[in-house]
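Peer 1: Fold the following, please.
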Amino acid sequence: MMWILAIAATLIALTGPAIAAPDANRACLSKAEQRAALSSGQTVTLAAAIRSARGSVRGRGSREVVKARLCREQNGLVYLLTLLEQDGKVTHTVVDATSGKVVNLR
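Peer 2: Next up is the predicted model:
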């Protein structure tokens, strides 16, 4: 299992900028801003977003979160999650931070 995570981390490091290039319509929050959004009730917890992302595709085995960010988009706050599937496939999932529902799966 550790070697899979090591390979995934390497792949993400090599392809991350090409896949998750900063978007002009997206600004990710600092740790302090994330805490403020959570404490004010603007967002569901990261754990709830991860549960939603893991359950978004049935029958594909376990999914390990390798990167998580809370960002502001035009439509509000979203969690951007990078997940590693048991078969080694990397999935990028966008979860609406206010509802906890998956809005995009790539």
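Peer 1: any idea how far C71 is from T91?
Peer 2: Between T91 and C71 the computed distance is 17 Å (C-beta to C-beta, to the nearest Å). Every residue, glycine included, has its C-beta placed from N, CA and C.
Peer 1: Which secondary structure element is home to the spatially most central residue of the chain?
Peer 2: Nearest to the mean C-alpha position of the chain, by C-alpha atoms, centre = their mean, lies L81 at 0.9 Å. For L81, the host element (DSSP states H and E) is strand 76-85.
Peer 1: Name every strand pairing with that strand and say which way it goes.
Peer 2: Sheet partners assigned to strand 76-85 using DSSP bridges are listed as strand 63-73 (antiparallel), strand 90-96 (antiparallel).
Peer 1: Tell me the buried residues in the last one?
Peer 2: I take that to be strand 90-96. For strand 90-96, the neighbour count (16 or more other C-beta atoms under 10 Å) marks 90-91, 93-96 as buried.
Peer 1: And for the first one?
Peer 2: Along strand 63-73, the positions that meet the burial threshold by neighbour count (16+ other C-beta under 10 Å) are 63, 65, 67-68, 70-73.
Peer 1: Out of the residues you listed, which comes closest to G41?
Peer 2: Comparing the buried residues of strand 63-73 against G41 with C-beta to C-beta picks out L70 as the nearest, at 14.1 Å.
Peer 1: follow-up on the earlier one: the residue nearest to the centre of the chain and L70 touch, don't they?
Peer 2: No - using C-beta atoms under 8 Å, L81 is not in contact with L70; the gap is 10.1 Å.
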